[in-house]
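In: one predicted model, sequence on top.
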Amino acid sequence: MKGIVFREFMNMVDLRFGEAMMDDVFDRTPLASGGVYTAVGTYEADELVRLVGALSNRTGLAESQLVFDFGQHLAAAFAVKFKGFFDECPNTFSFLKRIDDHIHVEVMKLYPDAELPKFSYSQLNEDTFELHYQSVRKLADLAHGLIQGTMMHYGEQFDISREDHSTYGASSVLFRLRRV
C-alpha cells in the first residue's frame, strides 16, 4: 500500500482526534516500518489494519466505521491532490466509470509497484449505477467511504447499498447507487 494512504490516515486521525491520539496509537502498535511513511513508499497493508485496530480500541469506535470515515477523508484529500481527475468528470457516475480504465492506469505509470483493487461497473439507467469492487485486501469499507466522499464532492445524493460476495481470500462487493 502506498505511503500516501498512510499519511492521509495520520492526517485524518490528527484532525479528528488530535495529535496526541495519533502518537498514542503509534506507541501501542508495533510496525515493521516504524511508523515512518513517505508518500511514494510502499508498505504492508496490514500496518493500516493494525493502526485502525489500535485506534478502534482507543476510541471505542468500530473498525468498519473508522475505515469508512477514512475513505470519505481520503476522497476529499484526493480531490485536492489529484484535482484534474475530478475536474475531468461532471458527476459521480462519470468519475466512478474512470477508476480502472483511466485513474488506475495513471497511478500505475507513477507507481508501477502499486497494488490496486479492481473495479467494474454497470449503469442500469440514468439514476442507478453498480460498482463492483474486487481486492485481495478486505477494504470494502474504505471503498464505500471513497464512493460516499466522491458523491459529496460532486454534491450528489444517492442511496448506497452493498452486496458482499467475498471469499476467504479476497473481497468482492457490489455497490449499488440509486439517485435520491
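Out: Sure, I can see it. Numbers count the residues shown, from 1 in each chain.

In: helices and strands of the protein: which one has the lowest mean pLDDT?
Out: One helix or strand of the chain scores below all others by mean pLDDT, DSSP states H and E: helix 104-110, with a mean of 92.

In: what residues sit buried inside that helix?
Out: Within helix 104-110, the residues scored as buried using 16 or more other C-beta atoms under 10 Å are His104, Val107. All C-beta spots, glycine's among them, are computed from the backbone N, C-alpha and C.

In: just the residues contacting that helix, thanks.
Out: Helix 104-110 is contacted from outside by Phe85, Ala114, Leu116, Phe119, using C-beta atoms under 8 Å, 6 or more residues apart in numbering.

In: so what's the first one up against?
Out: What it means is Phe85. Per C-beta under 8 Å, 6+ apart, neighbours of Phe85: Phe78, Phe95, Arg98, His102, Ile103, Glu106.

In: quick one: the residue located most distally from the centre of the chain from Val180, how far?
Out: What lies farthest from the middle of the chain is Asn125; by C-alpha atoms, centre = their mean that is 25.8 Å. Counting by C-beta to C-beta, to the nearest Å, the gap from Asn125 to Val180 is 14 Å.

In: the chain: helices as residue ranges?
Out: Listed in chain order, the helices of the chain (DSSP state H) span 3-17, 19-28, 45-59, 63-81, 83-87, 92-97, 104-110, 140-153.

In: counting by contacts, list what the fourth one packs against.
Out: Judged by 3 or more C-beta pairs under 8 Å, 6 or more residues apart in numbering; DSSP states H and E, the packing partners of helix 63-81 are helix 3-17, helix 45-59, helix 83-87, helix 140-153.

In: which outside residues touch the first one?
Out: Contacts of helix 3-17 with the rest of the structure, by C-beta under 8 Å, 6+ apart, involve 21-22, 25, 37-43, 47-48, 51-52, 55, 59, 69-70, 73-74, 77, 81.

In: next, the buried residues of that helix.
Out: Buried, per 16+ other C-beta under 10 Å, within helix 3-17: Gly3, Ile4, Val5, Phe6, Glu8, Phe9, Met10, Met12, Val13, Arg16, Phe17.

In: also the third one?
Out: Buried positions in helix 83-87, judged by neighbour count with 16+ other C-beta under 10 Å: Phe85, Phe86.

In: contacting residues for Tyr111?
Out: The contact partners of Tyr111, by C-beta under 8 Å, 6+ apart, come to Lys2, Val40, Thr42.
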